[in-house]
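Participant: make a model of this:
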Amino acid sequence: MSVFVGNLPYEVSQDDLREVFKDYGKVKRVHIPTDKETGEMRGFGFVEMDSDAEEENAINELDGAEWMGRELRVNKAKPRKENSGRPRR
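Facilitator: Numbers count the residues shown, from 1 in each chain. I've put the predicted structure just below:
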């Protein structure tokens, strides 16, 4: 499983996010999606940690915390839904 991190500043890097989460355990992977057309960050990311306990600890400590001038939204990532074939609007 992984952790969803929302309300990220657009200038944040994967290294920045890894640095914040490493205080709560081993960070296995960080992914910050970008817009396919513009290449710009979309304002959220995902962090995968070594264990569920580490992820829960990070969620409890970081959800609502202020970081880089923004209040983070941190929770368990939900499984990705299958694409229904309809274009997004």
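Participant: drop to CA atoms for contacts and neighbour counts, all remaining ones
Facilitator: Noted.
Participant: okay, residue 77 and residue 39: tell me how far apart.
Facilitator: Separation of residue 77 from residue 39 (C-alpha to C-alpha, to the nearest Å): 22 Å.
Participant: who has more neighbours, the two?
Facilitator: Using other C-alpha atoms under 10 Å as the criterion, residue 77 and residue 39 rank with residue 77 on top: 15 against 9.
Participant: quick one, what contacts the more buried one?
Facilitator: Neighbouring residues of residue 77 by C-alpha atoms under 8 Å, 6 or more residues apart in numbering: 1, 2, 3, 4, 46.
Participant: what do you get for residue 76?
Facilitator: By C-alpha under 8 Å, 6+ apart, the neighbours of residue 76 are 1, 2, 3, 4, 59.
Participant: wait, what's in contact with the fourth one?
Facilitator: Contacts for residue 4 were tallied using C-alpha under 8 Å, 6+ apart; they are 44, 45, 46, 47, 73, 74, 75, 76, 77.
Participant: any idea which of those has the most stuff around it?
Facilitator: Comparing the contacts of residue 4 by number of neighbours (other C-alpha under 10 Å), residue 74 comes first, having 25 neighbours.
Participant: just checking: what are the partner strands of the helix or strand that one falls within?
Facilitator: Per DSSP states H and E: residue 74 is located in strand 73-76. The strands beside strand 73-76 in its sheet (DSSP bridges) come out as strand 3-6 (antiparallel).
Participant: the next helix-or-strand element following the strand it pairs with packs against which elements?
Facilitator: As assigned by DSSP H and E, the chain's next helix or strand after strand 3-6 is helix 14-21. If you count contacts as 3 or more C-alpha pairs under 8 Å, 6 or more residues apart in numbering; DSSP states H and E, helix 14-21 packs onto strand 27-31.
Participant: what lies in contact with the strand it packs on?
Facilitator: Outside strand 27-31, the residues that touch it by C-alpha under 8 Å, 6+ apart are 14, 17, 18, 21, 45, 46, 47, 48, 49, 50.
Participant: for that strand, C-alpha coordinates in CSV please.
Facilitator: Extracted in CSV, the C-alpha atoms of strand 27-31 (Å, rounded to 0.1, in the frame of the first residue of the first chain):
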residue,chain,number,x,y,z
VAL,A,27,10.9,5.2,2.3
LYS,A,28,10.8,2.7,-0.5
ARG,A,29,9.3,4.9,-3.3
VAL,A,30,8.1,8.4,-4.0
HIS,A,31,6.0,9.3,-7.0
